[in-house]
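Trainee: Need the 3D shape of this:
(chains A and B)
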Protein chains: 2
Amino acid sequence: MGSLDPNLSDAGIHIKGEFKPLDVEEFRKQAHHMVDFIAEYYKNIESYPVLSHVQPGYLRAKLPESAPSAPEPMKNIMDDVKTHIIPGMTHWLSPNFFAYFPATVSSAAFVGEMLCTAFNSVGFNWVASPAATELEMVVMDWLARMLKLPESFMFSGTGGGVIQNTTSESILVTLIAARDKCVSVNGPQCLSKLVVYGSDQTHSTFNKACKLIGLNNVRTIPTKIETSFALSAADLQTTMEVDVAAGLIPLYLCATVGTTSTTAVDPLDELAKVAEKYGVWVHLDAAYGGSACICPEFRNYLDGVERIDSLSFSPHKWLLSYLDCCCLWVKQPDLLTKALSTNPEYLRNQQSELNTVVDYKDWQVGTGRKFKSIRLWLVLRNYGVANIQSHIRSDVRMAKLFEAMVWSDPRFEIVVPTRFALVCFRLKPAGFGSIEYLNRKLLDWINSSGRIYMTHTKVGGVYMLRFAVGATLTEDRHIIAAWKLIKEGANALFTTEVRME
Amino acid sequence: MGSLDPNLSDAGIHIKGEFKPLDVEEFRKQAHHMVDFIAEYYKNIESYPVLSHVQPGYLRAKLPESAPSAPEPMKNIMDDVKTHIIPGMTHWLSPNFFAYFPATVSSAAFVGEMLCTAFNSVGFNWVASPAATELEMVVMDWLARMLKLPESFMFSGTGGGVIQNTTSESILVTLIAARDKCVSVNGPQCLSKLVVYGSDQTHSTFNKACKLIGLNNVRTIPTKIETSFALSAADLQTTMEVDVAAGLIPLYLCATVGTTSTTAVDPLDELAKVAEKYGVWVHLDAAYGGSACICPEFRNYLDGVERIDSLSFSPHKWLLSYLDCCCLWVKQPDLLTKALSTNPEYLRNQQSELNTVVDYKDWQVGTGRKFKSIRLWLVLRNYGVANIQSHIRSDVRMAKLFEAMVWSDPRFEIVVPTRFALVCFRLKPAGFGSIEYLNRKLLDWINSSGRIYMTHTKVGGVYMLRFAVGATLTEDRHIIAAWKLIKEGANALFTTEVRME
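Mentor: Take a look at the predicted model:
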């Protein structure tokens, strides 16, 4: 690899035609090569340690300080990918990846993303890419029907949906819409009185969003293990009452279906009824759990959705769609667009002026945006809803299989009942070492094997291991092998610790 | 296309193995097909009208109301892409696209994006994907060196960089960091006194970011055509003086290199010197112009960069890299991470606790993020800096060619001198119709031809046409043909209007 030669780079090449960065036949050749490279990566993915063992700073030492002045053959670069990049990766698509929540994928989503990239159309407003805007509107209505959302969230009704990159953005923009609505009614002096609500299980991005826009009155309502870490409507009611009595203004509640720590489900209908009394905007963060709600047996978790103001879920988590993809629906799009619209001269056009179209730049933080819906459109059509439901069910079934194996070993216990495809479990107290210490040791042993990757959480003072089923390539045999490995870890740990006593 | 059959979809298929969304051979087959589909699209791109003639709502009428329950063959879906999607697109990659700013692309970036998608690694923190974090750090330093930024913006020095999706996010997160720094010094009571500064040419997203976080004191300093719409340091000084005298606190200045309307360049060094006196955070938005600064002949636009706090530019605009890619550097990463960090239990890990690594979730709004740097890494290595400079120069040369042709026709005038690859011009007053009316008519005539697509702006009361050179496939012949078409439009307009007099 060369380094930046200032003489050469300053000289430059001035004749167009010598450098063609999008020569069609070169494009075709390179892209076909890359398809095969990726297919081989997927084929061999089980051979890599799931969690890399590299040390911080490993890569900088292997790469030159500057970009090369002269071109390097793609072959050399791909050799470096094999030698330097892949060994430093955490392999999220490995069937032995059970950490965090899985990020699921599919062939249809991949080719959909290729198409999205290839078009490179920037759909900030309708006229800049009519098909991009209109397909997103159609796909968001399709997904809304799959979730049996009321018409009040659909473009075919009175609401609408938009694809954001992440849940963070969905929460941020709805929080801002709620704030601006409140200010328009109560005046700017209300700002310091606004209060927002979540539970101690709400995703950290909710607190972050509040911090970003300077909302400091955040009520983090405690949950209990006895109620599986769900937010209690009675506790919400009490908290809001106290705030109102103190002259404060309840603004926004973030409820969750499928919390990150333990996939807890907040009772949406009950919470929404409480929130209604105080005119509070209710957002449902169903980032993980939302996907499951396309199956009738999970749809009850959305009961009460007709009472709330907005909801979001992330197909990149469980709907086979690769990153980044978070679907947000709002009941009153005008509240969102009032808060987020801009109208610079250079983007003015007849269709926007006539207000006959959706300009998605007014539904998000940024201006530019990709043709994001085409990927989901390909997934939904190429697989069909029934197959996607079967995929969800298969993951849940595998999680239950794992849960049953945990129950079968008296050294372990399940901490909360498995509801979706995450199993929260731990080693039970064993007469030596603290229970947290033991479980930490076990997790270290497991992850440093490189054979599977799991993470932990700590809720209500309880340290537990999280086994998240759902990586697209995971099959029963991986679950069984993972459990075998965990038991081996426990055996090793008990032998060592007992010896050390 | 089928519709959702509730009986079928509720029944589901429970056996794993029947539905394999990531079967490697199926993946390989579909992806190879897609490569050829895209190559054909690129090959034929000139045959499509650049600006679509569809009417709002055209697509909904052609698609079913619900997602299908059963799978549909990919062939049917791709037929619909040809029949329904492509005709409704604005073809951003057409060599005849001269609207907005171009979004440039390349084979290397495409295959880089394929790899980024394929890995699907979620690099919210270091341990979740060490290679993703470390390559981003390396690539951001490479780009910093290409721009000859001081070490104070590099990881190899005392600063650092991060890839955001859009300029909007870069402005938003730095604005928040500046605000929080100020509050930490002056206490929360300073919030209502904070003032931010830009010119009437600053991108609309700056005002939007201020609105999002509730900063209401936004000074929009007027610019003049005589100074090519650059922000005057003297005017900035006066405005800040007045604010300070009124007991307000100047917080943040957004300067621009290459404004959206006319590619105006603010005098960074002079502005930074003024801002320094008041302890103001200076951010440079070089979304468009930044790419050119990798060429020594443009680098002077960054003079004074060592005095400022942060800067961003978007390789998706002019560095051949497809959407979304905005590079942000900050001098004091700790100010960013203090404002944006979260530390939930389920993401805790040894490396983060020891503070030995960068966790990019604390540099952005969202939590999840893709392996974004790999695309830029492939572009920089596969082409080399010299070729990329030649690409910038070739676009500038073509813009000068167009500018010369405009000057050669006495009916037209150049409104501001062409600095990068955008030409701002208009029909001169012609004795009939208002000048704005005439130019609007001309633009309508040109765009409704479908043969090229251009947009307009209006600055300092002057309505003008924007001819943005730089779509990756554009060659001299397209510039020449475009100018011929524009002249034809002028001929048609003058004939009609003179007849109507």
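Trainee: C-alpha only now, for contacts and for neighbours.
Mentor: OK.
Trainee: could you point out which element follows the longest helix anywhere in chain A?
Mentor: For chain A, the helix that runs over the most residues, judged by DSSP state H, is helix A:373-407. Counting by DSSP states H and E, the next helix or strand C-terminal to helix A:373-407 is strand A:412-416.
Trainee: Next, count neighbours for the spatially closest residue to residue A:397 that is not a sequence neighbour.
Mentor: The shortest distance from residue A:397 to any non-neighbouring residue, by Cα to Cα, 6 or more residues apart in numbering or on different chains, is to residue A:421 (7.7 Å). Neighbourhood size, residue A:421 [other Cα atoms under 10 Å in any protein chain shown]: 27.
Trainee: ok, residue A:421 to chain B distance?
Mentor: 14 Å (Cα to the nearest Cα, to the nearest Å).
Trainee: pretty sure that residue is touching residue A:466, no?
Mentor: No - using Cα atoms under 8 Å, residue A:421 is not in contact with residue A:466, being 10.4 Å away.
Trainee: Mind telling me which residue of the stretch 401-501 of chain A is nearest chain B?
Mentor: Residue nearest to chain B within the stretch 401-501 of chain A (Cα to the nearest Cα): residue A:457, separated by 4.6 Å.
Trainee: Phi, psi for that residue please.
Mentor: Here is the backbone geometry of residue A:457 (degrees, to the nearest 10): phi -150, psi 170.
Trainee: Show me the beta-bridge partners of it.
Mentor: Beta bridges link residue A:457 to residue A:464 when assigned by DSSP bridges.
Trainee: For the residue of the stretch 151-300 of chain A found nearest chain B, give its distance to residue B:365.
Mentor: Per Cα to the nearest Cα, residue A:213 is where the stretch 151-300 of chain A lies closest to chain B, at 4.3 Å. Applying Cα to Cα, to the nearest Å, the value for residue A:213 to residue B:365 is 11 Å.
Trainee: Then residue A:328?
Mentor: Residue A:328 is 16 Å from residue B:365, by Cα to Cα.
Trainee: And the two? Which one has more around it.
Mentor: Neighbour count, other Cα under 10 Å: between residue A:328 and residue B:365, residue A:328 has more, with 32 against 23.
Trainee: Give me the three-state assignment for the more buried one.
Mentor: Following DSSP: H, G, I helix; E, B strand; the rest coil, residue A:328 is assigned to strand.
Trainee: Spatially, and excluding backbone neighbours, which residue is closest to it.
Mentor: In this structure, residue A:328 finds its nearest non-sequential neighbour in residue A:312, 4.2 Å apart by Cα to Cα, 6+ apart.
Trainee: next one: residue A:135
Mentor: Nearest non-adjacent residue to residue A:135, counting by Cα to Cα, 6+ apart: residue A:373, 6.3 Å away.
Trainee: domain ranges for chain A?
Mentor: According to the TED database, chain A comprises the domains A:24-88, A:121-370.
Trainee: most tightly surrounded among those?
Mentor: Highest mean neighbour count of the domains of chain A: domain A:121-370, a mean of 21 (counted as mean count of other Cα atoms under 10 Å in any protein chain shown).
Trainee: Would you mind confirming that residue A:351 is in contact with residue A:358?
Mentor: No - here residue A:351 lies out of contact with residue A:358, judged by Cα under 8 Å, at a distance of 9.2 Å.
Trainee: Now do the shared contacts for those two.
Mentor: Shared contacts of residue A:351 and residue A:358 (Cα atoms under 8 Å, 6 or more residues apart in numbering or on different chains): residue A:126.
Trainee: packing partners for the helix or strand harbouring residue A:312?
Mentor: Following DSSP H and E, one finds residue A:312 within strand A:310-313. Applying 3 or more Cα pairs under 8 Å, 6 or more residues apart in numbering or on different chains; DSSP states H and E, we find strand A:310-313 packed against helix A:167-186, strand A:281-285, helix A:289-292, strand A:326-330.
Trainee: Could I get the CA-only coordinates of the first one as CSV?
Mentor: Just to be clear, that refers to helix A:167-186. In CSV, the C-alpha atoms belonging to helix A:167-186 read as follows (Å, rounded to 0.1, in the frame of the first residue of the first chain):
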residue,chain,number,x,y,z
THR,A,167,-35.4,4.0,17.2
SER,A,168,-33.5,6.9,18.7
GLU,A,169,-34.6,9.1,15.8
SER,A,170,-38.2,7.9,16.1
ILE,A,171,-38.3,8.8,19.7
LEU,A,172,-36.5,12.1,19.1
VAL,A,173,-38.8,13.4,16.4
THR,A,174,-42.0,12.4,18.2
LEU,A,175,-40.8,13.9,21.4
ILE,A,176,-40.1,17.2,19.6
ALA,A,177,-43.6,17.0,17.9
ALA,A,178,-45.2,16.5,21.3
ARG,A,179,-43.2,19.4,22.8
ASP,A,180,-44.0,21.8,20.1
LYS,A,181,-47.7,20.9,20.2
CYS,A,182,-47.7,21.6,24.0
VAL,A,183,-45.9,24.9,23.5
SER,A,184,-48.3,26.0,20.8
VAL,A,185,-51.1,25.5,23.3
ASN,A,186,-49.5,26.7,26.6
